[in-house]
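Novice: Sequence plus the predicted model coming up.
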2 protein chains.
Amino acid sequence: MGISVIERNHLEVLRAVNAGGSLTAAAERLHLTQSALSHSIRKLEQQLGTPLWLREGRQLQLTQAGKYLLALANRLLPQFEHAELQIDQFARGQAGTLRIGMECHPCYQWLLKVVGPYLGHWPMVDVDVKQKFQFGGIGALFGHDIDLLVTPDPLHRPGLVFEPVFDYEQVLVVHSGHRLAHNDWISAQDLEPEILITYPVAVERLDVYTHLLLPANIRPARHKTIETTDIMLQMVAAGRGVAALPRWLVQEYQQRMAIVPVQLGETGIGKQIFLGCRERDRNVDYLSAFMKLATEVRWQGIGQGIGQGIAPGVLSGVISDVVSTN
Amino acid sequence: MGISVIERNHLEVLRAVNAGGSLTAAAERLHLTQSALSHSIRKLEQQLGTPLWLREGRQLQLTQAGKYLLALANRLLPQFEHAELQIDQFARGQAGTLRIGMECHPCYQWLLKVVGPYLGHWPMVDVDVKQKFQFGGIGALFGHDIDLLVTPDPLHRPGLVFEPVFDYEQVLVVHSGHRLAHNDWISAQDLEPEILITYPVAVERLDVYTHLLLPANIRPARHKTIETTDIMLQMVAAGRGVAALPRWLVQEYQQRMAIVPVQLGETGIGKQIFLGCRERDRNVDYLSAFMKLATEVRWQGIGQGIGQGIAPGVLSGVISDVVSTN
DNA sequence: ACATATCCATGAATTCTATTCACGTTAGGC
DNA sequence: GCCTAACGTGAATAGAATTCATGGATATGT
């Protein structure tokens, strides 16, 4: 049983040197003398039996072992840091922070409806929403970057649990004066001359494509991507293109914009959104409470939409809370 | 910027106390005095601002914060430990250990054909095969428990890369005197009176079910599960049941056993096996070399089978090398 | 080419931290 | 009620990590 040689400390050093570029800069970051760092590094290298940097002139070049440790540092240090925050919350009598990841753009509006009541029931829990993941939502769950994942693509695997939280219909949104505005439904051919606006994600994740366009082997005249739902709908209302969004979402905006939802395809495109978490976390009370609440909200008005809409002020207020991981 | 308070050290304490049940036992494990532990724990608890254990009489009960840290320890410590081993290998001039995970039972025979040449080309790389995963193969990849995954269910997600490595046909194996032995193909109805032998995995992962039985809503008379391919085929050869396996595998055993492969379903069941790794690792030379070699082996005789079979001795010899994670 | 500013390494001195030792306290078993 | 097993505490000590002072090496600018 070899005793521990790599300490958290060492990982901090690797990260700092990498970030600072030089030993001296790293020392500064760590509130240490350059000398201290030099000593500590030398000792570590001695214990490991291999150098971590090649000293080329006054440049430090990571060796293979060094790169390996740096990767480890980037992986583990965030977990240490988050653990400290979490424990600090425990210490203050709070239950912790629920980090929710979102893989589906328009679900944000739905999430807000759940988060509101949730925060009321669990005053000692903070909620944090993340929307960008280096390794995708699933990776973020496995990597403990988030605790819950809202996604249209569940993945029933050992270690993860998904539950459907709501169903909706994906429809085409067009300007109310649009030639397709009064169609019963839209075919792939109907879209051929159109400008299609979508979120900037891979085509495989866009249902208009997978369910309608790709099977018919048809592409719209143009395909533009826009990040935000609001701007997207502004474009549609201005007659500058068409978009595919959940029906309930369109209905909420319909009050104040000249837009119309139209069924996509002969049978319509049905979608399901899932909420997933790590299996181990199922007995974390404030987490399972969120899942329970989320599944209950399902029956409470999504799809009826109009009248339950959220005031724009509230909406944008909460949106600004969103934290994005690089 | 709060400075680090949780150290690897502390995680070791959490784990040791949990394993030992008492402070004294834990101290023993850590080659420390009980007093040292007590001091160190007190300091940690002070810094965190919350107790990690409730002292109930002479029993230690983990608090919420303590449980949280214990989970962290169980997650992070193995990574530290593996990193130390890996760096030790770097230090000895070795490239490291390639940890291959397997999610498909019969692929083992295929893997052997790749590992042999690979070990020849990369004398400084060790290979380790793992077959059980707490969180499934994907979880093991994300959690850095393995570096490569052999699986029939690839998952194209950001952060992971999969490549097909070989195709094969899944066939029914029956005793050569079996009533179905000379059928052109097998229908779901044909299986109804049979005893079906499979590996002990979920029905959804068995192609006989997903492709044949479930669609027809038919179940075989009995369903037995057996761990090992050899015993499974012994059973089949003894007329005690039928099984579904890759055609090439059956052909290899056919030389020394009275068994016959028969096509499953009218069109046959085609399968593809994939090799996956973390995207970041793609530029690790010895790892990408394995993937390259694996894709090349595809054309070299799998499916022709007979004559290239592996001698039973070699086979079982290597099988015993398999390391299973709890 | 020379001075200069950076940057890293080293050894001895120092400060700080972890560990031990010795003892006290508490809870449960017989 | 006494004995054992287990944890807590304070002072003493052994052992680390950190600093200080310094020197050598390498780029940069004039």
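Specialist: Ah, there it is. Numbering: from 1, shown residues only, chains lettered A, B, ... in the order given.
Novice: care to break chain A down by domain?
Specialist: Residue ranges for the structural domains of chain A, counted by automatic domain parsing, are given in the record as A:8-87, A:92-165+A:274-319, A:167-270.
Novice: Can you get me a residue count around the closest residue in space to residue A:171 that isn't next to it in sequence?
Specialist: Using CB to CB, 6 or more residues apart in numbering or on different chains and skipping the chain neighbours, the partner closest in space to residue A:171 is residue A:261 (4.1 Å). All C-beta atoms are positioned from the backbone trio N, CA, C, and that covers glycine. Residue A:261 sits with 22 neighbouring residues when counted by other CB atoms under 10 Å in any protein chain shown.
Novice: SS state for residue A:261?
Specialist: What DSSP: H, G, I helix; E, B strand; the rest coil gives for residue A:261 is strand.
Novice: got the contact list for it?
Specialist: Residues in contact with residue A:261 (CB atoms under 8 Å, 6 or more residues apart in numbering or on different chains) are A:171, A:172, A:173, A:247, A:250, A:251, A:254.
Novice: ok, and the most crowded of these?
Specialist: Among the contacts of residue A:261, the one with the most neighbours (other CB under 10 Å) is residue A:172, at 30 neighbours.
Novice: Do I have it right that that residue meets residue A:262?
Specialist: Yes - contact criterion CB atoms under 8 Å: residue A:172 and residue A:262 qualify, at 4.8 Å.
Novice: can you map out the helices along chain A?
Specialist: With DSSP state H applied, chain A shows helices at A:8-20, A:23-29, A:34-48, A:64-91, A:107-121, A:136-142, A:188-191, A:207, A:214-216, A:229-237, A:247-254, A:285-297, A:312-319, listed in chain order.
Novice: Save these as TSV, and put in mean pLDDT and distance to DNA strand C too.
Specialist: Output for the helices of chain A, formatted as TSV (pLDDT from 0 to 100; distance: least, CB to the nearest atom of the strand, whole Å):
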stretch	mean pLDDT	distance to DNA strand C
helix A:8-20	93	8
helix A:23-29	90	3
helix A:34-48	93	3
helix A:64-91	92	13
helix A:107-121	85	36
helix A:136-142	86	32
helix A:188-191	90	58
helix A:207	87	52
helix A:214-216	86	53
helix A:229-237	88	44
helix A:247-254	88	53
helix A:285-297	87	28
helix A:312-319	30	42
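Novice: which of those sits most buried?
Specialist: Using mean count of other CB atoms under 10 Å in any protein chain shown, the stretch among the helices of chain A with the largest mean neighbour count is helix A:136-142, at a mean of 25.
Novice: Near the nearest residue to residue A:176 once chain neighbours are set aside, how many other residues are there?
Specialist: When the adjacent residues along the chain are set aside, residue A:176 lies closest to residue A:258, with 4.4 Å between them (CB to CB, 6+ apart). Residue neighbour count, defined by other CB under 10 Å, stands at 15 for residue A:258.
Novice: Out of the helices of chain A, flag the one nearest residue B:10.
Specialist: With distances scored as CB to CB, the stretch of the helices of chain A nearest to residue B:10 is helix A:8-20 (9.2 Å).
Novice: How far away from the center of its chain is the closest one?
Specialist: Between the centre of helix A:8-20 and the centre of its host chain there is 27 Å, according to CA atoms, centre = their mean, to the nearest Å.
Novice: Between its first and last residues, how far does stretch A:207-215 reach?
Specialist: Between the opening and closing residues of stretch A:207-215 there is a gap of 11 Å (CA to CA, to the nearest Å).
Novice: hmm, it in reach of chain B?
Specialist: No - contact of stretch A:207-215 with chain B (CB under 8 Å from any CB of the partner chain) is absent, the minimum separation being 13.7 Å.
Novice: Kindly report the same for stretch A:36-54.
Specialist: Yes - between stretch A:36-54 and chain B, judged by CB under 8 Å from any CB, the touching residues are A:48, A:49, A:50.
Novice: closest point of the stretch 201-326 of chain A to chain B, which residue?
Specialist: Among the residues of the stretch 201-326 of chain A, residue A:280 lies nearest to chain B; the distance is 7.3 Å by CB to the nearest CB.
Novice: pretty sure that residue is touching residue B:71, no?
Specialist: Yes - in this structure, residue A:280 sits in contact with residue B:71. The criterion is CB under 8 Å, and the distance is 7.3 Å.
Novice: Not counting its neighbours along the chain, what's nearest residue A:47?
Specialist: Excluding the flanking residues, the one nearest residue A:47 by CB to CB, 6+ apart is residue A:5, at 4.5 Å.
Novice: before we move on, what about residue A:24?
Specialist: For residue A:24, ignoring the flanking residues on the chain, the nearest one in space by CB to CB, 6+ apart is residue A:34 at 4.8 Å.
Novice: ok, so of the residues of stretch A:36-54 next to chain B, who is nearest residue A:218?
Specialist: residue A:50 (58.0 Å).
Novice: Now do the residue nearest to that closest one when sequence neighbours are not counted against residue A:64, distance only.
Specialist: Spatial nearest neighbour of residue A:50, excluding adjacent residues (CB to CB, 6+ apart): residue B:91 at 3.8 Å. Distance from residue B:91 to residue A:64, counting by CB to CB, to the nearest Å: 10 Å.
Novice: Likewise for residue A:129?
Specialist: In terms of CB to CB, residue A:129 sits 38 Å off from residue A:64.
Novice: try residue A:10
Specialist: Noted for residue A:10: a distance of 17 Å to residue A:64, by CB to CB.
Novice: now do residue A:142
Specialist: Residue A:142 sits 26 Å away from residue A:64, going by CB to CB.
Novice: same deal with residue A:144?
Specialist: Looking at residue A:144 against residue A:64, where the rule is CB to CB, the gap reads 27 Å.
Novice: Residue A:109 too?
Specialist: In this structure, residue A:109 and residue A:64 are 48 Å apart, going by CB to CB.
Novice: Equivalent analysis for residue A:189, please.
Specialist: Between residue A:189 and residue A:64 the distance, using CB to CB, works out to 56 Å.
Novice: Same question for residue A:19.
Specialist: Taking CB to CB as the measure, residue A:19 falls 20 Å from residue A:64.
Novice: Give me the nearest residue to residue A:163, chain neighbours excluded.
Specialist: With CB to CB, 6+ apart, the residue lying closest to residue A:163 is residue A:275, at 5.6 Å.
Novice: Could you list which residues are in contact with the one you found?
Specialist: With contacts defined as CB under 8 Å, 6+ apart, the neighbours of residue A:275 are A:148, A:149, A:150, A:162, A:163, A:165, A:290, A:291, A:294, A:295.
Novice: Dig out what it forms beta bridges with.
Specialist: With DSSP bridges as the criterion, the beta-bridge partners of residue A:275 are residue A:150, residue A:163.
Novice: Could you do residue A:270 as well?
Specialist: Listed by DSSP bridges, the beta-bridge partners for residue A:270 are residue A:169.
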